[in-house]
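Peer 1: model this:
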Amino acid sequence: MKKTIVKLSIIAGLAVTVASIGTVANAKKMKKMMHPPFGSHADVAYAKDIWTAMKKAHLVGPHAMNVRPYKGNHPHGAIQQTIDARIKVRGRWARVIMKRNFGGKGISVQSVYDNPTKHLGAVTVMFKRKKGYDPADLDWMWIKYKPDGSLHKNKTGMILAGKVAKGMDVGCIACHKAAGGKDMETLTEK
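Peer 2: Here you go, the predicted structure:
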């Protein structure tokens, strides 16, 4: 009887151990699956390098070129400025499409042109990464900066840099895919 109880205890202990290992493995698998395709340390570091390159090219910052603003739309702001340029990031020249997003009371195309820093709410960027970065979405990296170059976060606290909202029904990639136009076109990059 004692041997049977000991054997059952050992079997039960092994079952609990196996179940625990399975749970740990499943938890690690779930964590990996739940890791979003944006906001990682690598995304943040690359986004900082892009900001530095845009600043050097006078696309952002106190000496940024001023281009004619236009009436915008959600989610980018009531008034917008768009610049399509090439910048050098980490030794590689690539296309950047940058949109300055403006909002606020009494804002107009003329008031933004006259004082482009006053109502600036965000700078949103599409940056063409090397071939293979995200082939399904034509290798674009998506970033949303605050006017000072720090990175915006979404409502859940995720940093908006990388493959933002990949696979979701709303967000950068979904919106731009649905909009069409030339911002998602494939360009030859060196």
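Peer 1: in the protein, which spans are strands?
Peer 2: Assigned by DSSP state E, the chain shows strands spanning 70-71, 79-89, 92-102, 120-128, 140-145, 161-162.
Peer 1: just checking: what are the partner strands of the fourth one?
Peer 2: This points to strand 120-128. Strand 120-128 has its sheet partners listed here by DSSP bridges as strand 92-102 (antiparallel), strand 140-145 (antiparallel).
Peer 1: surely Ala64 touches Pro116?
Peer 2: Yes. Between Ala64 and Pro116 a contact is recorded at 7.3 Å, counting by C-beta atoms under 8 Å. Glycine gets a C-beta too; all of them are placed from N, C-alpha and C.
Peer 1: before we move on, the earlier item: reformat the strands paired with strand 120-128 as CSV; add mean neighbour count, distance to Gln110 and mean pLDDT.
Peer 2: Shown next, in CSV, are those (neighbours: other C-beta atoms under 10 Å; distance: least, C-beta to C-beta, whole Å; pLDDT from 0 to 100):
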stretch, mean neighbour count, distance to Gln110, mean pLDDT
strand 92-102, 20, 12, 95
strand 140-145, 24, 25, 91
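Peer 1: among those, which is nearest Asn73?
Peer 2: strand 92-102 (10.4 Å; C-beta to C-beta).
Peer 1: can you tell me how far Gly106 is from Ala122?
Peer 2: 19 Å (C-beta to C-beta, to the nearest Å).
Peer 1: the more surrounded of the two?
Peer 2: When neighbours are counted by other C-beta atoms under 10 Å, Ala122 comes out ahead of the other of Gly106 and Ala122, with 19 against 6.
Peer 1: perfect, that will be all.
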